[in-house]
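Participant: Quick one: sequence and predicted model below, then my questions.
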Amino acid sequence: MNHLLSIGDLDRAGIERIITQAARFAEVSDREIKKVPALRGRMVLNLFYEASTRTRSSFELAAKRLSADVVNFAASGSSVEKGESLKDTVLTLSAHKPDAIVLRTPWAGAAELVSRWCSAAIVNAGDGQHEHPTQALLDVYTLQQRLGGLDGASIWIVGDVTHSRVARSNIIAFQEMGAKVTVAGPPTLIPRRIEELGCEVRFTLDELDGADVVYALRMQRERMTETWVPSLREYASWYQINGRRLGPRQVLMHPGPVNRGVELSGDVVDSPQAVITAQVEAGVVVRMAVLYELLAGAKEPDPVARRQTAPQPA
Ligand code: NCD
């Protein structure tokens with residue numbers, strides 16, 4: 001794998017390889033010194049044209065735990081504000097010779113374009129409404145830890161599917177791992193022909209109790225150019241996941257940031273069924289595994305092996 005642009009770049013074996021490596025890196029996070037030298041001397045450039053809390057901080061931490069050098073670049077406060085294009089920005093920053101560029105932009109397809117302009121490995125950290133492959137991987141990892149596997153699990157993805165890059169990547173990844181996926185939401189927020197990805201579609205939550213996992217999505221108002229629902233209150237009355245709708249054995253997921261009181265009620269966010277914090281934790285180890293696979297991969301020695309201590313004289 002040279003880049004991670006789409007979750008479709010990985011088949012089931014590839015997803016499993018990254019998840020297994022992530023589990024090994026999780027062991028490093030429990031050590032007193034949470035660092036391995038696997039990417040020492042390599043440079044990772046985080047290039048973020050959109051707001052991000054979880055994704056950006058976990059990519060930074062992931063690269064640092066692998067001992068890579070990290071440069072963070074945010075579009076605000078840069079020459080982008082003076083009109084510099086994506087291409088010129090990438091070419092300029094390429095002069096620093098990054099080994100990997102982690103890219104988030106509001107433009108679908110931007111990661112793919114950048115992969116043609118420079119020699120660095122490109123990781124798509126979200127391109128508009130298109131894809132968010134590392135989110136899908138960390139969600140598979142979280143479910144694997146919680147359920148032991150996804151084969152045969154019923155996963156409902158609920159809410160604003162139209163504007164969600166997370167939904168697109170997750171439908172593909174969950175199905176690749178053997179789960180049955182249903183998307184549910186108001187007809188205006190479910191893209192036409194989404195069932196061509198292999199999922200089922202529901203416009204009500206009447207059958208939600210059959211789900212093993214409920215994956216709620218944020219109402220992405222920043223991407224809405226028209227009125228898609230009559231009001232957020234109306235939306236919540238039909239589609240909010242709350243204590244009345246969530247069964248006690250169902251697992252609750254959300255990619256964050258959560259709008260409490262809109263797609264989720266406050267009580268379910270804080271309930272033991274919610275694995276939202278575990279998803280954030282998984283973000284670091286899964287992104288370590290992605291960076292490691294792209295920049296070092298199989299050619300390097302075991303990245304988590306503790307260094308042998310010299311034998312002590314008798
Ligand atoms: C998501 C994103 O930015 O696509 N968040 C994330 O990466 N954890 C989802 C969202 O913004 O709602």
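Facilitator: Nice, thanks for sending it over.
Participant: Look at the closest residue to the ligand within the stretch 151-300 of the chain and give its secondary structure.
Facilitator: Going by CB to the nearest ligand atom, the ligand is nearest to R218 of the stretch 151-300 of the chain, at 3.5 Å. For the C-beta atoms, the positions are set from N, CA and C on the backbone; glycine is no exception. Here R218 is recorded as coil under DSSP: H, G, I helix; E, B strand; the rest coil.
Participant: Now for it: which residues touch it?
Facilitator: 159-160, 164, 254-259, 262-263 (CB atoms under 8 Å, 6 or more residues apart in numbering).
Participant: Could you export those residues as CSV, including secondary structure, distance to M177 and pLDDT?
Facilitator: Output for those, formatted as CSV (DSSP: H, G, I helix; E, B strand; the rest coil; distance: CB to CB, whole Å; pLDDT from 0 to 100):
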residue, secondary structure, distance to M177, pLDDT
G159, coil, 21, 97
D160, coil, 23, 95
S164, coil, 19, 96
H254, coil, 19, 98
P255, coil, 17, 97
G256, coil, 21, 93
P257, coil, 25, 94
V258, coil, 24, 95
N259, coil, 28, 93
V262, coil, 29, 94
E263, coil, 24, 96
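Participant: Run through those residues and flag the ones next to the ligand.
Facilitator: 255-256 (CB under 6 Å from any ligand atom).
Participant: Which of the contacts of R218 has the largest number of neighbours?
Facilitator: In terms of neighbour count, G159 stands highest of these at 28 neighbours, by other CB atoms under 10 Å.
Participant: Pretty sure A62 sits against M288.
Facilitator: Yes: assessed by CB atoms under 8 Å, A62 is found in contact with M288 at 4.3 Å.
Participant: Please name the nearest non-neighbouring residue to G14.
Facilitator: Closest residue in space to G14, ignoring its immediate chain neighbours: M1 at 7.0 Å, by CB to CB, 6 or more residues apart in numbering.
Participant: Counting neighbours, what do you get for the one you found?
Facilitator: M1, neighbours per other CB under 10 Å, totals 14.
Participant: And the helices in the stretch 1-150 of the chain?
Facilitator: In the stretch 1-150 of the chain, the helices defined using DSSP state H, counting those that start in this stretch lie at 12-29, 54-65, 86-94, 110-117, 133-147.
Participant: Give the full set of residues in contact with the residue nearest to G14.
Facilitator: Residues in contact with M1 (CB under 8 Å, 6+ apart) are 9-10, 14, 293-294, 297.
Participant: Same check on V140?
Facilitator: So V140 contacts 15, 19, 150, 173-174, 177 (CB under 8 Å, 6+ apart).
Participant: What of C199?
Facilitator: C199 makes contacts with 157, 171, 175, 181-183, as judged by CB under 8 Å, 6+ apart.
Participant: Helix, strand or coil: sort out the spatially closest residue to G178 that is not a sequence neighbour for me.
Facilitator: The spatially closest residue to G178, leaving aside those adjacent along the chain, is D151, at 3.5 Å (CB to CB, 6+ apart). Secondary structure, three-state DSSP: D151 is coil.
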